[in-house]
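Colleague: Please work out how this folds:
(chains A and B)
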Amino acid sequence: MFPDKLNIPLGKSVNALVDWLVVNYGDAFEAFADALLTVLVWLEHLLRATPWWLVIVVIAAIAFHASRSWKTMLGLSLAMVAIGMLGLWDKAMQTLALMIIATGLSVIIGIPVGIGMAMSNKLRAVMVPILDMMQTMPSFVYLIPALMLFGLGKVPAILATVIYAAPPVIRLTDLGIRLVDKEVLEASRSFGASRAQILWGVQLPLALPNIMAGINQTTMMSISMVVIASMIGARGLGEQVLTGIQRLDVGQGVEAGIAIVLLAVVFDRIGQSYGKRSQRSSTTGAGDGA
Amino acid sequence: MSYIEIKNIYKIFGPHPKKALKMAQNGENKDNILAKTGHTVGLQNVSLSIEQGETFVVMGLSGSGKSTLIRHLNRLIDPTAGEILFGGENILQMTTARLNAFRRAKLGMVFQRFGLLPHRSVIDNVAYGLEIQRTDKAERLKSARTWIERVGLAGYEDSFPDQLSGGMQQRVGLARALTTDPEVLLMDEAFSALDPLIRSDMQDELMKLQSELHKTIIFITHDLDEALKLGDRIAILKDGALIQVGRPEEIVMNPADDYVRAFTRDVNRSKVLRAKTLMRPTGASDDVTTANTTGWPEIDSNMRLEDILPIAIACPYGISVIDHDHQKIGTLSKDQVIAALAA
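Modeller: Prediction:
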């Protein structure tokens, strides 16, 4: 037996910390949660109130803008129609709202953090283990404190999704910026470009294909979080899977599962098409004569 | 004082350069320093004076520190010790803002692998320097168009770099560096990545431009023929240390050591020696200008032996050598030309 005397009461300390946060900063958390909830509820309401065909038209338009291909546009529209035919349109819209907010939040936080990591080796040394932890830690572990801080419902579901889904966009932003051709950067510096001019004019445009790949992965991961998020009160397709499991209703679970996959395919295709287009406009053409 | 003064520059690469610097300043050998401290000596006590309007070539093999040296001139790399003066101003003491202003106003750089912005069209690449200076859009596109035309790329304004051949890409690089009208042009192995024929074209193009623009050009190369062709003066660098500085003729005729001699052994002298080194200057003791030189062919003092040869053979008397103001500064006889070839 490992001697009890050497036990570290980490669990107790964490409990104390969470209690302390709830007591002292409960209001602040609530205000943040309210703001997030307002946006989410508004978006969810908008998506559910919009006629189904209009939603499909908008998604089809985005798909065409991304891929410039009638085939892709038609295929993705049919996928959306199939979700409706499974009788899951309303649930899918709830999931979609959650996913858009979570992905948006991940990107808003992730890109600046990624830029910071590319600029500073120190920040990178700190962030890499944190990102590893965010991706490997079972989501239930951080769902519990999130529940205590924000209560049951959509807000902790979004936060859990962000924690799980943000790492790819952070990592790929960092990687993309670090991969920018050193000579191109030198050229920019040699003309007297300021740091901001280099960031906006050279680093971000050239890192764009990688950043787009990161956003795509982040989107996929936030879709995959919907089932777990439903356990703490997020509605939508995940909830269908969850109740399917609870009632041993295999059919309902499969239907909802298919709808989740279809939704994932739609956003994956759109994301990849945008990624390819950004690649075409910023290939590293310089240097092929070397 | 020269326009650009580089004084006792040392560059040590590694985590704690100060300690290795002491050893380098005491004249310790590069390999010993690497073995004892794990630090690489990039440049060892390099001092150079570069005059305004000259084409100064730094020649060395890979690892000689030549690319490191040129990056000191616009502070893409900072030295471990030493001073760099431009027109009397120490650029190492400049703040970031002052340094950026200095780079914008005075310097243009051309890179070995071109360093073009792959996401921008040719014209936007060429206009980049002016864009950094926040020049008005219409104005910068106008200058960019002028320079694109001047380097022979008219019609390619809207192409992207990856649609162009290597030679064309480097023309874009050259136009980009010239669009801001810099006083100094830094060229880091600018033509090394190009095919031999294209390289020769680009060298001629650069010499033509230089004869009109009179920029101060610092040109890095590993190719002695290129150095001899382009350089008013040449510095030879080996293992981060300066071996010899001199005019092409001096390098070829009086190599400083065996290293330089090995380089110059296979050089075609008729491509290096010029009229002004071979001629008998006006006013010298054996001056023959008192003789009647009317009807003698006149040649530029920079003309090379290979071009003088056919003139000398066709001409029964002598040749007059003139400078760029068309003043007669010396004479050449057929015998002198043949003697120079035979030497």
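
Colleague: Neighbours of residue A:177, how many?
Modeller: 22 (other Cβ atoms under 10 Å in any protein chain shown). Using the backbone N, CA and C atoms, a C-beta is placed for each residue, glycine as well.

Colleague: tell me, what residue is most central in chain B?
Modeller: Centroid check for chain B by Cα atoms, centre = their mean gives residue B:219 as the closest residue, at 3.0 Å.

Colleague: before we move on, what SS does that residue have?
Modeller: When classified by DSSP: H, G, I helix; E, B strand; the rest coil, residue B:219 comes out as strand.

Colleague: Test of understanding: give the bridge partners of it.
Modeller: Residue B:219 forms beta bridges with residue B:57, residue B:187, as assigned by DSSP bridges.

Colleague: measure it to chain A for me?
Modeller: 15 Å (Cβ to the nearest Cβ, to the nearest Å).

Colleague: Just name whatever secondary elements the helix or strand containing residue B:148 is in contact with.
Modeller: Assigned by DSSP states H and E, residue B:148 belongs to helix B:137-150. Packed against helix B:137-150 by the contact rule (3 or more Cβ pairs under 8 Å, 6 or more residues apart in numbering or on different chains; DSSP states H and E) you find helix B:122-126, helix B:128-132, helix B:166-179.

Colleague: out of these, nearest to chain A?
Modeller: helix B:166-179 (2.5 Å; Cβ to the nearest Cβ).

Colleague: just checking, what packs against that closest one?
Modeller: strand B:107-110, helix B:122-126, helix B:128-132, helix B:137-150, helix B:196-213.

Colleague: Could you single out the most deeply buried of those?
Modeller: strand B:107-110 (a mean of 26; mean count of other Cβ atoms under 10 Å in any protein chain shown).

Colleague: And that one, what does it pack against?
Modeller: Checked by 3+ Cβ pairs under 8 Å, 6+ apart, strand B:107-110 has helix A:182-190, helix B:166-179, strand B:184-188 packed alongside it.

Colleague: Surely residue B:333 is in contact with residue B:318?
Modeller: Yes. Assessed by Cβ atoms under 8 Å, residue B:333 is found in contact with residue B:318 at 4.9 Å.

Colleague: Those two: which is more packed in?
Modeller: Just comparing residue B:333 and residue B:318: by other Cβ under 10 Å the higher neighbour count belongs to residue B:318, 22 against 17.

Colleague: thinking again about what came up before, highest mean neighbour count out of the helices and strands packed on strand B:107-110?
Modeller: helix B:166-179 (a mean of 25).

Colleague: Taking helix B:196-213 as reference, get the angle to that one.
Modeller: Going by axes from the mean of the first three to the mean of the last three Cα atoms, to 10 degrees, helix B:166-179 is angled at 20 degrees with respect to helix B:196-213.

Colleague: Run through the chain and note the low-pLDDT ranges.
Modeller: I'll assume chain A. For chain A, the stretches with pLDDT under 70 are A:280-290.

Colleague: Not quite, go with chain B.
Modeller: For chain B, the ranges with pLDDT under 70 are B:284-292, B:343.

Colleague: Show me what from it comes close to chain A.
Modeller: Residues of chain B lying near chain A by Cβ under 8 Å from any Cβ of the partner chain: B:71, B:74, B:76, B:99-105, B:107-109, B:111-119, B:128-129, B:131-133, B:160-163, B:165-167, B:169-170, B:180, B:186, B:193-194.

Colleague: List only buried entries from those.
Modeller: B:71, B:74, B:76, B:99-100, B:102-104, B:107-109, B:111-119, B:128-129, B:131-133, B:160-161, B:166-167, B:169-170, B:180, B:186, B:193-194 (16 or more other Cβ atoms under 10 Å in any protein chain shown).

Colleague: What's the first helix or strand after the biggest helix by length in chain A?
Modeller: When chain A is parsed with DSSP state H, its longest helix is helix A:10-49. Sequence-wise, the next helix or strand downstream of helix A:10-49 (DSSP H and E) is helix A:52-67.

Colleague: how far off helix A:10-49 does that next one point, in degrees?
Modeller: Using the same axes, to 10 degrees: helix A:52-67 against helix A:10-49 is 110 degrees.

Colleague: distance between helix A:52-67 and the chain's centre?
Modeller: 21 Å (Cα atoms, centre = their mean, to the nearest Å).

Colleague: now do stretch B:124-134
Modeller: Centre to centre, stretch against its chain (Cα atoms, centre = their mean), the figure for stretch B:124-134 is 24 Å.

Colleague: Between its first and last residues, what's the separation in it?
Modeller: Counting by Cα to Cα, to the nearest Å, you get 13 Å between the two ends of stretch B:124-134.

Colleague: for residue B:190, helix, strand, or coil?
Modeller: coil.

Colleague: Let me see the contact set for the closest residue to it other than its chain neighbours.
Modeller: Distances taken as Cβ to Cβ, 6 or more residues apart in numbering or on different chains put residue B:110 closest to residue B:190, at 4.3 Å, once the chain neighbours are dropped. Contacts for residue B:110 (Cβ atoms under 8 Å, 6 or more residues apart in numbering or on different chains) come out as B:170, B:173-174, B:176-177, B:185-188, B:190.

Colleague: need these in JSON lines with distance to residue A:140, can you?
Modeller: Shown next, in JSON lines, are the contacts of residue B:110 (distance: Cβ to Cβ, whole Å):
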{"residue": "B:170", "distance to residue A:140": "59"}
{"residue": "B:173", "distance to residue A:140": "56"}
{"residue": "B:174", "distance to residue A:140": "61"}
{"residue": "B:176", "distance to residue A:140": "56"}
{"residue": "B:177", "distance to residue A:140": "59"}
{"residue": "B:185", "distance to residue A:140": "63"}
{"residue": "B:186", "distance to residue A:140": "59"}
{"residue": "B:187", "distance to residue A:140": "61"}
{"residue": "B:188", "distance to residue A:140": "56"}
{"residue": "B:190", "distance to residue A:140": "60"}
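
Colleague: Nearest to residue A:36 among the residues you listed?
Modeller: residue B:176 (47.2 Å; Cβ to Cβ).

Colleague: Now the closest one: closest residue in space, sequence neighbours ignored.
Modeller: Here the residue nearest residue B:176, using Cβ to Cβ, 6+ apart, is residue B:126, at 4.9 Å.

Colleague: of all of the stretch 201-343 of chain B, which residue lies closest to chain A?
Modeller: For the stretch 201-343 of chain B, Cβ to the nearest Cβ, closest residue to chain A: residue B:202, 11.9 Å.
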